[in-house]
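Visitor: Kindly generate the corresponding structure for this input.
(one chain, ligands or ions: 2)
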Amino acid sequence: MPKVFHRGLLTALLLFGALAAVPTSVFADHAWGNYHWARTSNPFTLKLGDNLTSTWDPYLGVAINDWSASSVMDTTIIAGSTTGRRCRAKAGRVEVCNAAYGNNGWLGVASIWASGSHITQGTVKLNDTYFNTSTYNKPAWRNLVMCQEVGHTFGLDHQDEAFNNANLGTCMDYTNNPDSNQHPNQHDYDELVTIYSHLDGTTTVGQTVQSRPGKGKMPPAMADIDISGPGQWGKLIHSSRGGWKETYELDFGGGHKVITHVIWAIDEVEDADKEHEHR
Ligand SMILES: [Zn+2]
Ligand SMILES: [Zn+2]
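Guide: Numbering: from 1, shown residues only. Ligands and ions are numbered 1, 2, ... in the order given. A predicted model of the protein is given here:
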């Protein structure tokens, strides 16, 4: 099998191009690091485990329809392997969960487990403590957060992180008004093509992680980690203006990491803003 460009090399080439002649905005991309599922052919099918209550089921249906329009990947819903509250990850798939996780500030959290640049499993948690309030108990908010958190588990990042500017028409855009940001846009599909343009010699999709000794084996503590709050998310590695978007990284060594991506409730953001103004 021909060895196709790996993303690191591709990025280096793009950066070189950007430095040489072309405006950087042309290469604006929104991948989440270099993280991607390993697979030997496209399109690949990623399984999403449904650990949702019936209120959320239609929104997962919308999200898999939207994302499966991608030319490089399909998504399919399978029975969940955990509970909404526990949301334990399982190798080779993404578990999608909801529960009233408490007044912890976050609407949704997406976590990926990575070995090197390859995603091996993921979870999405949707916080009913906020979705049960009048502010967020709306189809548009549910669609946006479901679409965005599921999108993160493919390796996608946000296109825009300011709440107050005009909507870009994608769920990967932060906003105060979710109405026109409930689905992916063409740029998201283009980015997926970029992320998944190379092929790998192995696959992490729908497989159980090989428990061969030594290199490549996921540390046991990593497989069974509880990621219910910032105390377990590890080191803050990215924070957007005002701390609205935050990305955390837990490093288990040997290239094994858990990366967690948080979308905060706007009320919390506004409180943080007020604090900021008073400083
Ligand atoms: Zn790869
Ligand atoms: Zn996000």
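
Visitor: Going by C-alpha atoms from here, please, whenever you check contacts or count neighbours.
Guide: Noted.

Visitor: shaky segments in the chain?
Guide: 1-32, 207-217, 224, 240-245, 267-279 (pLDDT under 70).

Visitor: which stretches of it form strands?
Guide: 36-37, 44-51, 73-79, 94-99, 106-115, 118-127, 235-239, 245-253, 256-264 (DSSP state E).

Visitor: any chance of those in a markdown table, with mean neighbour count and distance to residue 58 too?
Guide: As requested, these are arranged in a markdown table below (neighbours: other Cα atoms under 10 Å; distance: least, Cα to Cα, whole Å):
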| stretch | mean neighbour count | distance to residue 58 |
| --- | --- | --- |
| strand 36-37 | 24 | 25 |
| strand 44-51 | 21 | 11 |
| strand 73-79 | 16 | 11 |
| strand 94-99 | 27 | 13 |
| strand 106-115 | 24 | 17 |
| strand 118-127 | 27 | 14 |
| strand 235-239 | 13 | 31 |
| strand 245-253 | 17 | 26 |
| strand 256-264 | 23 | 21 |
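
Visitor: Let's have those strands in JSON lines, adding distance to residue 163.
Guide: Supplementary listing: those in JSON lines, determined by distance: least, Cα to Cα, whole Å:
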{"stretch": "strand 36-37", "distance to residue 163": "27"}
{"stretch": "strand 44-51", "distance to residue 163": "29"}
{"stretch": "strand 73-79", "distance to residue 163": "29"}
{"stretch": "strand 94-99", "distance to residue 163": "24"}
{"stretch": "strand 106-115", "distance to residue 163": "15"}
{"stretch": "strand 118-127", "distance to residue 163": "20"}
{"stretch": "strand 235-239", "distance to residue 163": "14"}
{"stretch": "strand 245-253", "distance to residue 163": "10"}
{"stretch": "strand 256-264", "distance to residue 163": "11"}
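
Visitor: among the ones you listed, which is nearest residue 187?
Guide: Among the strands of the chain, strand 73-79 comes nearest to residue 187, with 15.1 Å by Cα to Cα.

Visitor: Return the list of strands paired to that closest one, each annotated with direction.
Guide: Using DSSP bridges, the strands paired with strand 73-79 are strand 44-51 (parallel).

Visitor: What are the contacting residues of the strand it pairs with?
Guide: 57, 72-84, 87, 92-98, 205-206 (Cα atoms under 8 Å, 6 or more residues apart in numbering).

Visitor: 7 Å instead?
Guide: Applying Cα atoms under 7 Å, 6 or more residues apart in numbering, the contact partners of strand 44-51 are 72-84, 93-97, 205.

Visitor: what do you get for stretch 54-67?
Guide: Identification of contacts with stretch 54-67 by Cα under 7 Å, 6+ apart yields 75, 76, 142, 143, 146, 147, 183, 184.

Visitor: ok, 10 Å please
Guide: For stretch 54-67, the surrounding residues in contact (Cα atoms under 10 Å, 6 or more residues apart in numbering) are 46-48, 50-52, 68, 73-77, 96-98, 126, 128, 139-140, 142-151, 154, 182-185, 188-189, 192.
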